[in-house]
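Asker: Quick one, what's the 3D model for this:
(chains A and B, ligands or ions: 2)
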Amino acid sequence: MGIVTKLSRRKFLVASAVAGGGMAVAWSVPAGLLEAFAQTTMPQPAGAPAEVGIWVVIHPDDTTVVRIARSEMGQGTLTGLAQLVAEDLECDWSKVRAEYIPPEVNLANKRAWGDMSTGGSRGIRTSVDYVRKGGAAARMMLVQAAAGRWSVPAAECTAANSVVTHKASGRSLRYGELAEAASKLEVPKDIPLKDQKDWKIIGQGVKRLDTVEKLNGSQIYAIDVRLPDMLNAAIAQCPVFGGKLVGFDADKINGMKGVRHVLKVDDVTVAVVADTWWQAKTALDALPIQWDEGPNANVTSASIAEFLKEGLDAKEAAVGHRIGDAPAAIAGAAKKIEAVYGTPFLNHATLEPMNCTAKVSEEGVEIWVASQNGDASLAAAAEAGGVPLSKVKVNKLHLGGGFGRRGFQDYTRQAVLIAKQVPGRPVKMIWSREEDMQHGFYRPITQAKLVGGLDAEGNLVGLHFRLSGQSILASVAPSRVVNGLDRLHFQGLLDDEFGYMAIPNLLIDHAMRNTHVPVGFWRGVNHNQNAVYLECFIDELAHAAGKDPLEFRRKLLAKNPKHLAVLEAAAKKAEYDKPLPAGIFRGICQNYGFGSYTAAVAEVSVTDGKLKMHRIVAATDCGHALNPDQIAAQVEGSFVYGLSALLFSENTVDKGRIVEGNFDTYEVMLMEQMPKVETVIVPSGGFWGGVGEPTIAVAAPAVLNAIFAATGKRVRTLPLKHHDLKTA
Amino acid sequence: MIRLDVNGRIHEVDVDADTPLLWVLREQLGLTGSKYGCGVAMCGACTVHVDGQPQRACAVPVAAVGESKVLTIEGLSADSSHPVQKAWLAHEVPQCGYCQSGQIMAAVALLAEKPKPTDADIDAAMTNICRCGTYQRVRAAIHTAAGNGRA
Ligand code: FES
Ligand code: FES
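Answerer: Numbers count the residues shown, from 1 in each chain, chains lettered A, B, ... in the order given. Ligands and ions are numbered 1, 2, ... in the order given. Modelled structure (predicted):
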């Protein structure tokens, strides 16, 4: 068996080219590795419940366990995937439970359960077909088993609610009674799926499968793992990105209570291992550490801003989208409007900080991890442990938030590197909040300059949208940057997503300006800032043209009926054509991303400079609506994530390092600011769109446009806390 | 040795006096329902009750607890049947769930103080961070638990 033992880090960052971009790109395990991996089968101890096909395990009491390859981080994917399997399985939903497929089992079976990566809002939408087929195959096998037992043709039997019935003879058997026999049958090759008109579970707001444990403290997150003999580790990484660990004075803390080891983890990281985490953290705080801060120690937010500003007018820029001749059209326009926007770095700030538990022994490496990609965690553990993939066991735990951060496996690698130096004992490594805040993969910093030309009637004749700023793919998947063009940077702006295709002359280009600060996929990714720039500027153009912002958009969306339909749905629910109470003002916007159309109307007031968001109406067309209540939950949550970024959050840079350390300086939205969010689902059918991310893009622009309506002030840089909204 | 009354049971723990209550609960007593989110009393993920008052356990030195009675999420009810837990279930409040122990403990304390809270009361009392953004459902569930007759 040609087992790979030494894998370069770069290899794990190989991209799988997926149109539309998103989070899946960074974290895949190269296909070649799978070939090198020993083939094993799913262990089935004697007396175990029957495995009917690979997706479904049925117990004698009809309890139906659906296997899940993606990760649950709050977005409801666990329940959604189980719904899909259950639909074609024709089982009793009240009997359904879910379990994760261990990544090592998936890999050993040539990824029979598909991609484990959970990002880009594709947990559901890219697995629909094969998981439904998994359910359907199991149903066919159960029916076949019943037909065999009764010696009747399978076609005469029907399945519903976990029971197979032979109507002609009035006989029936429960799935639990058939599972054993069904598990011995061949998995069918030709697997037809149920027609949409017969769906019973898809489209229902069924309850989540994972709620009760979250109400009584019994849900075990990775940070809660407790193992016999376990030690705990706290780490510090070089505060300046690009710097190095020079040394540390372990003698100063070796005598402290509970301290067992003070270790170099890698070139930039030191760890203190102690009996408890609190002891490790206390000792780490007292440890003298010398850093070589490297070449970036003088970088500041101001120097980064200058660097990006230069890109706004730079000659060289990669063209992402061109229609006609925008510069010429603008030059000849009756009226020219110009504006410059900017948005900061943002940490994901999952409420559960990065952490991972690892044990390295002669048997290999075992990890306990919260990951958005089980496969990538396994690969990272193998690499760090210096063992073949087949010697790694991954225990996937629920995530205390992911938002794109937990696709990166830096913390998994560190935990294994620490455990390797304490062989035979499990070590739980937890990052402090400060470590987490200052060592993220931030939402990229960008600026934008938009120039529009209006004719004498106020029609938009040309738009030039110049982006300047950091590319995610340039560091995470450089092979996907082709001729200097990072298509992901243009999320929402290329012809496959852009709604304003009726603009006659358009130029959207990007002057890539990469800083030393690591960037990554932040829930909603580049849609967030791109939508702020575009949707606020469209609003500026509408006002300059003397037109209502909805009316102005209607014309520009003429070639994109689905974008327009969602915008109309939001406007209708918000009663856009009716006046609001005195002092309350509206803003409107739309976007398309992650396969779904979204739009929002915000209603706000500004009194003595204080903003109050009264109501948000958010419309979404995600094609098929798998679980309307969970879609609403994601839409509500999207406004919290998006509005936190609008109102408060930013990561700034001084002396080459991230300044903010905790939630006192990295402020996020609280209950007090939460507006009432009304979700309007307008599923137009025929496709499966994402849900977890698309709505975030419309949160900030809707509110910013409403703020303009209320105050006449254009806020063009985020967060809002730096702006005075007082009207003179 | 420090004596602690947690969820009606007396524990003796061998820790430094300034160890935060949160870490004693999690590491010495194995009560991991109370979460670490910030360590500086900003996020509320570690909220427990000390003599009925909501406290951020990450900022309470264990020695300061003294004879007081500590209640954690694990001790709220034997079977998740506390009215606040039931309201949380009915509204499907949790997403990732990481903040929810703290949210629930804060809500229970609020309702003990103000059985019929207004929206303004909820805004003032519920300062726990939820990064998944469940605030709307937290609010609705508190009203339900209070029998305020609105969703
Ligand atoms: S961990 Fe105690 S308030 Fe955040
Ligand atoms: S449910 Fe995830 S942080 Fe609140």
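Asker: From now on I want contacts and neighbour counts done on CA atoms only, so please keep to that.
Answerer: OK.
Asker: what residue ranges in the chain are flagged as low confidence?
Answerer: With no chain named, the answer covers chain A. Counting by pLDDT under 70, chain A contains low-confidence residues at A:1-48, A:728.
Asker: right idea, wrong chain: chain B
Answerer: In chain B, residues with pLDDT under 70: B:149-151.
Asker: The residue nearest in space to the middle of it sits in which helix or strand?
Answerer: Of all residues in chain B, the one closest to the mean position by C-alpha atoms, centre = their mean is residue B:105, 2.8 Å from it. Per DSSP states H and E, residue B:105 falls inside helix B:100-113.
Asker: do that helix and ligand 1 meet?
Answerer: No: counting by C-alpha under 6 Å from any ligand atom, ligand 1 has no neighbours in helix B:100-113; the shortest distance is 8.8 Å.
Asker: for that helix, packing partners?
Answerer: Packing partners of helix B:100-113 (3 or more C-alpha pairs under 8 Å, 6 or more residues apart in numbering or on different chains; DSSP states H and E): strand B:47-50, strand B:53-56, helix B:83-90, helix B:119-125.
Asker: The same query, at a cut-off of 7 Å, please.
Answerer: Applying 3 or more C-alpha pairs under 7 Å, 6 or more residues apart in numbering or on different chains; DSSP states H and E, we find helix B:100-113 packed against strand B:47-50, strand B:53-56.
Asker: The last one and ligand 1 in contact?
Answerer: Yes: if you take C-alpha under 6 Å from any ligand atom as the test, strand B:53-56 does meet ligand 1, through residue B:56.
Asker: May I have the residues that are in contact with the residue of chain B most remote from its centre?
Answerer: Distance from the centre of chain B peaks at residue B:1, with 25.6 Å (C-alpha atoms, centre = their mean). By C-alpha atoms under 7 Å, 6 or more residues apart in numbering or on different chains, the contact set of residue B:1 is B:12, B:13, B:14.
Asker: what about the closest residue to residue A:324 other than its chain neighbours, distance to residue A:556?
Answerer: Distances taken as C-alpha to C-alpha, 6 or more residues apart in numbering or on different chains put residue A:505 closest to residue A:324, at 4.6 Å, once the chain neighbours are dropped. As judged by C-alpha to C-alpha, to the nearest Å, residue A:505 and residue A:556 stand 12 Å apart.
Asker: related to what we said a few turns ago, what's the closest of the contacts of residue B:1 to chain A?
Answerer: Checking the contacts of residue B:1 against chain A with C-alpha to the nearest C-alpha, the nearest one is residue B:14 at 11.2 Å.
Asker: which parts of chain B sit against ligand 2?
Answerer: Residues of chain B found near ligand 2 (C-alpha under 6 Å from any ligand atom) are B:94, B:95, B:96, B:97, B:98, B:99, B:100, B:130, B:131, B:132.
Asker: ok, and the most crowded of those?
Answerer: Highest neighbour count within the residues of chain B next to ligand 2: residue B:98, with 33 neighbours (other C-alpha atoms under 10 Å in any protein chain shown).
Asker: Isn't that one up against residue A:400?
Answerer: Yes: counting by C-alpha atoms under 7 Å, residue B:98 touches residue A:400, with 5.0 Å between them.
Asker: shared neighbours of the two, which are they?
Answerer: Common contacts of residue B:98 and residue A:400, defined by C-alpha under 7 Å, 6+ apart, comprise A:351, A:352.
Asker: hmm, back to that, the residue nearest to the centre of chain B touches residue B:45, doesn't it?
Answerer: No: using C-alpha under 7 Å, residue B:105 is not in contact with residue B:45, being 9.5 Å away.
Asker: Residue A:505 and residue A:556: which is more packed in?
Answerer: Using other C-alpha under 10 Å, the more surrounded residue of residue A:505 and residue A:556 is residue A:505, with 22 against 19.
Asker: looking at it, the more buried one is touching residue A:323, isn't it?
Answerer: Yes: using C-alpha under 7 Å, residue A:505 is in contact with residue A:323, at 5.1 Å.
Asker: end-to-end on stretch A:121-128?
Answerer: The first and final residues of stretch A:121-128 sit 13 Å from each other (C-alpha to C-alpha).
Asker: Please work out which residues outside that stretch touch it.
Answerer: A:70, A:77, A:80, A:81, A:84, A:594, A:688, A:689, A:690, A:691, A:692, A:693.
Asker: Present these as a markdown table; the columns should include neighbour count, distance to ligand 2 and secondary structure.
Answerer: Putting the contacts of stretch A:121-128 into a markdown table (neighbours: other C-alpha atoms under 10 Å in any protein chain shown; distance: C-alpha to the nearest ligand atom, whole Å; DSSP: H, G, I helix; E, B strand; the rest coil) gives the following:
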| residue | neighbour count | distance to ligand 2 | secondary structure |
| --- | --- | --- | --- |
| A:70 | 26 | 17 | coil |
| A:77 | 22 | 14 | helix |
| A:80 | 24 | 17 | helix |
| A:81 | 26 | 20 | helix |
| A:84 | 27 | 24 | helix |
| A:594 | 27 | 21 | coil |
| A:688 | 23 | 25 | strand |
| A:689 | 25 | 23 | coil |
| A:690 | 27 | 19 | coil |
| A:691 | 34 | 16 | coil |
| A:692 | 27 | 13 | coil |
| A:693 | 28 | 15 | coil |
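Asker: Check those and tell me the two furthest apart.
Answerer: Pairwise distances across the contacts of stretch A:121-128 (C-alpha to C-alpha) peak at 20.4 Å, for the pair A:84 and A:693.
Asker: and the residue in the stretch 1-150 of chain A positioned nearest to ligand 2, what is it in contact with?
Answerer: Closest to ligand 2 within the stretch 1-150 of chain A is residue A:74: 6.2 Å, counting by C-alpha to the nearest ligand atom. Taking C-alpha under 7 Å, 6+ apart, we find residue A:74 in contact with A:401, B:95, B:96, B:97.
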